[in-house]
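Trainee: Give me a 3D structure for the following:
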Amino acid sequence: MAAKAEVRPRPLELDPIASRVELAFWEDLRRLKLDVLGTDDSPIPITGYYTPCTHPKMSGLLRLGRESLVPPSASSFGSRNSCPVPGTLINMNNMRGLQNLDVEYLLREEAKKILHDIMYGKIEEDPSLLLRFLVISFADLKNWKIYYSVAFPSLVFKSEMTLLSLHSASLVLSQEELLFGFYDHGCHQDPGWALRNYIVFLSLRLKIEKIQFLCYREKRSELDLEKSLIGEASFPPPHGWDYSDYVPEAIGWEGEKPGDGRKEKKLKEINLESMSPERRDEEQQLMHLKLMGWRHFPVDLKNLSGIRCLLLGAGTLGCEVSRLLMTWGVRKLTVVDGGHVSMPDVLKQSLYVDDDCGVPRATAIVPHLKERCPAVDVEAIQMEIPAPGNPVSPSVLDDCERLQTLVASSDVVFLLTDTWESRWFPTLLCANENKMAITAALGHDSYLVMRHGAGPGTRSGNMDDVIAQIQNLSTEDALGRQRLGCCFCNDTASLFNSISDETVALPGLTSIVSGKAVELFARMLHHPEGIHAPGDMAGMDTEHQLGLLPHQMRGSLPRCDLSTVISNSSNDCTACSNIVLSEYRREGLNFVMQAINQPTYLKDLTGISNLIKSDTCLKLPASFPVNSGKLSSARCLLLGAGTLGCDVARILMDYGVRTLTIVDSGCVVVSNLARQSLYTTKDRKTPKATAILEHLKERCSSVEVEGIQMEIPMPGHPVSSKEAAGVLKACERLQELVATHDAVFLLTDTRESRWLPTLLCANENKIAITAALGYDSYLAMRHGAGPGTNSEGSDMVAAMNKLSAEDVLGRQRLGCYFCNDVIAPVDSVSNRTLDQQCTVTRPGLASIASGHAADLFTRLLNHPDGIHAPGDIAGKSSERPSGLLPHQMRGSLSQYSLLTLVGYSSSSCIACSNAVLREYRSRGLDFVMQVINEPTYLEDLTGLTELMKSADYSRVEWVDEVDDEEFADM
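Mentor: As a prediction, this is how the structure comes out:
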């Protein structure tokens, strides 16, 4: 339909441009943000593709596609129906950042760029600059959503532009006329949006006040005279626009009309969940590793996903190590085990459930790994590992050959078996093949985690290479360095049959050892020298972001210590010495069979027959007396059912706890599955407080467990009048829960969510255990007892006003989680980047912290003074069979340190000080609600405000936000 002829002057009205953003653009932006940009929210140059009207009833659009994120080359001019136009993308780190953008300022700044290009002649070189556009967005990586808005900045004259006439081009077009034409995207009777900036250009550069213009529109790739428009417009010359600092008024946000007065930007929302479910799930599983690269260390995901890990043992250690390897991004696992799942295994071995009893572990473990990470390629082999001194089965030769093949085809071997002698043949094969080998071994309350050294190099001289490989092995590795030892290098005794000895390790020990073993593997994999890397000692300096790379770690729970040890390969080692390797290379499996059948043969071969057995091998000391009655009757409240909550709940059950209440407000998502040990794919979108119940019950049918879906009220998260009743009810429920339980575990992700439980525990004199994670450091601590009272006056008055600085035993109170803080807790999530919201940590860290937290609770429960027990320091002697009972344990994976600290309750503590407790006992939940809405009230109440005002700011730098990642520096 041809445009109607207009001859009466009227204000110039223009047809706005609309955008069409393809899903591929957002998918690529999402990957760019996750893999490259990280926390960088600087403006990004992008390219849009402008199309003139080519259909009588459809306007052209500005298209953004996959190629829009790649700057066009100098020789790229697009096409007549896809003209490249420069734009700017501002992708914010969170929704609050997007909502807080000054959109009018941004629009004027983009308009200023257009004006600058007009004034300095750039438009003549590149007319597309008149169509600059702006995109603001937030890529919600966790929920697969994009929120965005698009603007096409249009310069505004202070007085109106006037349309004098407008006709269809078919009526008035003649070759004698001078027309200023432009590609018009519109299909309606008004000219397109591009005309306004075009007029500004003509006014400023040609100094004219009236033009005839052509709105060029097409049909079938040719000029459509019926739809194209020819018009005449007048406009007054703008004044002051040539000043360099002039910022013009501008309009142009898509979907908004000039002058509509909207204060908040209306955002479009895109859901990306329609992309390939398999790819989406795998990306979610790996997100925590990619987020590590935002601030800490770029993880080599390609190397991790391609490396082949062989796990020898699918028991207590094998279950945890295999799961943690998947969390680190390993996707190729081979698991070897010769046993079957038994009833006692179900609690100790984290992957198995009641239904697996009687099933070979090598069969049972596969579905449990796949239901946590569908992308993992796992092969399980039921096979006994040939070992010296053990009965020889008919298949032993086949088993030896199979193990040879498995080691040769793997990149890393984990030695996770229960017996020392079952590690001998794999150790020999790893040294022979120069394969990475990680040993994790458990005593009752002590452990060893180590990496084996590289295999020997050769001194070839004039020998044939084959002969040199057998007869002339070097004492150094291929890089000419002295070889690090293996797990047998300090064991100068013969190998023996220890199958009858059962490893009865403390339940928390397995998690600690598994976490350290996997972290040692990841650190070695990211070292440029790999298996040849020298051993580091705690206290050494290192520039690597993952920290030190030790050779051995030896730890003891009763002594609360962790030591790093370096030992070189021994000349008389029964597994990796040159004499053993030469004999193996010469005789092959005949040598192995002789060692299996005649254990003394290895002693004779290495010349250690007359030596005394070393005491460096882990032994099983007598277990300390655990009060199983106390444990089974203890009522434990776990606040948080995430990474820490899953591990702590499972370990507590293994210790004998049979009454658990678990509080969490979240639902299971794909990214939880590898990191949070109890959940599987069937739990997706299920509340964690519901999902965790079934998984605990299927491991221990006698456990009484209740799940409560509830948000813990938090300071710094103000509530509206409509929300107040619900928050007050949650506070009352939490009061009741703390009062009716014996111990409370604070396992939540945010600092502020621990405040109210800490206050309630201090008020009720309840055991409180905190486990907190940084990126590569952790804290496990017990809170001190609540205050006693100075008994003068009535009991009611004393309980409220006469609080003592000591506990009821007259001892100085130990501190709580908040006793070192100088500011009140605030909202630590809403205005933070995704890696801060998700508490990005190294994958093995949660297992280590959980093991220490559960073990700390057990020791506290078995201490005669219970919650009033003083804090012990590592190095102190203890006559108690259970060993030391520390107040705080702070560990670092990068430095391989474990510190035990004692801190006393602070008179200015915002959670457990007498000032806070008095106010709470006086006002109750009114006080709590005030703190929730005004967290700085705590600073005024405790005197921190005055303390900070009186501080010498030239000497004291107050930390304005202390979170879990920084607790190690307190």
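Trainee: any weak-confidence spans in the stretch 151-300 of the chain?
Mentor: The model of the stretch 151-300 of the chain has pLDDT under 70 over residues 173-177, 258-264.
Trainee: What segments of it are helices?
Mentor: 169-172, 194-206, 277-295 (DSSP state H, counting those that start in this stretch).
Trainee: Just say which of the ones you listed is most tucked in.
Mentor: Mean neighbours per residue, mean count of other Cβ atoms under 10 Å, is largest over the helices of the stretch 151-300 of the chain for helix 194-206, with a mean of 21. Every residue, glycine included, has its C-beta placed from N, CA and C.
Trainee: now Pro394, what's its secondary structure?
Mentor: coil (DSSP: H, G, I helix; E, B strand; the rest coil).
Trainee: count of residues packed around it?
Mentor: 7 (other Cβ atoms under 10 Å).
Trainee: Going by the annotation, which residue ranges form each domain of this protein?
Mentor: Listed by the TED database, the domain ranges of the chain are 10-271, 296-459+470-606, 629-788+797-826+834-951.
Trainee: rank those domains by mean pLDDT and give me the bottom one.
Mentor: Here the lowest mean pLDDT among the domains of the chain goes to domain 10-271, at a mean of 87.
Trainee: Show the end-to-end separation of it, please.
Mentor: 43 Å (Cα to Cα, to the nearest Å).
Trainee: Report the distance from it to the chain centre.
Mentor: Relative to its chain's centre, domain 10-271 lies at 39 Å (Cα atoms, centre = their mean, to the nearest Å).
Trainee: Kindly reformat the helices of the stretch 151-300 of the chain as a markdown table containing distance to Ser511.
Mentor: Formatted as a markdown table, those follow (distance: least, Cβ to Cβ, whole Å):
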| stretch | distance to Ser511 |
| --- | --- |
| helix 169-172 | 78 |
| helix 194-206 | 64 |
| helix 277-295 | 18 |
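Trainee: Ok, which of those helices comes nearest Ile692?
Mentor: Nearest to Ile692 among these is helix 277-295 (19.5 Å), distances taken as Cβ to Cβ.
Trainee: How far does stretch 649-656 sit from its chain's centre?
Mentor: 25 Å.
Trainee: just use 403 as the starting number from now, easier for me
Mentor: Shifting the count to begin at 403 puts that one at stretch 1051-1058.
Trainee: what does that stretch rub up against?
Mentor: Contact with stretch 1051-1058 is made by 749-750, 752, 909-910, 913, 1028, 1030, 1033-1034, 1038, 1040, 1043, 1062, 1064, 1079-1080, 1094, 1098, 1101-1102, 1105, 1107, 1252-1253, 1256, 1259-1260, as judged by Cβ atoms under 8 Å, 6 or more residues apart in numbering.
Trainee: got the contact list for Ala764?
Mentor: Ala764 makes contacts with Ala716, Val737, Val738, Asp739, Gly740, Ala782, Ile783, Gln784, Met785, as judged by Cβ under 8 Å, 6+ apart.
Trainee: Of all the domains of the chain, which one is nearest Leu691?
Mentor: domain 698-861+872-1008 (4.5 Å).
Trainee: Against which helices or strands is the helix or strand containing Leu1095 packed?
Mentor: Using DSSP states H and E, Leu1095 maps to helix 1090-1099. In terms of contacts (3 or more Cβ pairs under 8 Å, 6 or more residues apart in numbering; DSSP states H and E), helix 1090-1099 is packed against helix 1045-1057, strand 1061-1066, strand 1106-1111.
Trainee: Show me what the last one is in contact with.
Mentor: Same thing as strand 1106-1111. Residues contacting strand 1106-1111 (Cβ under 8 Å, 6+ apart): 1043, 1051, 1060-1067, 1089-1092, 1094-1095, 1098-1099, 1135, 1139.
Trainee: Ser958 and Tyr849, how far apart?
Mentor: 8 Å (Cβ to Cβ, to the nearest Å).
Trainee: How about Gly1188?
Mentor: Computed as Cβ to Cβ, the Gly1188 to Tyr849 distance reads 35 Å.
Trainee: number of nearby residues for the closest residue to Ala571 other than its chain neighbours?
Mentor: In this structure, Ala571 finds its nearest non-sequential neighbour in Ser630, 3.9 Å apart by Cβ to Cβ, 6 or more residues apart in numbering. By other Cβ under 10 Å, the residues close to Ser630 number 24.
Trainee: can you check Gly882 too?
Mentor: So Gly882, with other Cβ under 10 Å, has 9 neighbours.
Trainee: With Gly1047 instead?
Mentor: Counted by other Cβ under 10 Å, the residues lying close to Gly1047 total 27.
Trainee: In contact with it, which residues?
Mentor: Leu1040, Leu1041, Ile1064, Asp1066, Gln1078, Lys1090, Ile1094, Phe1147, Leu1149.
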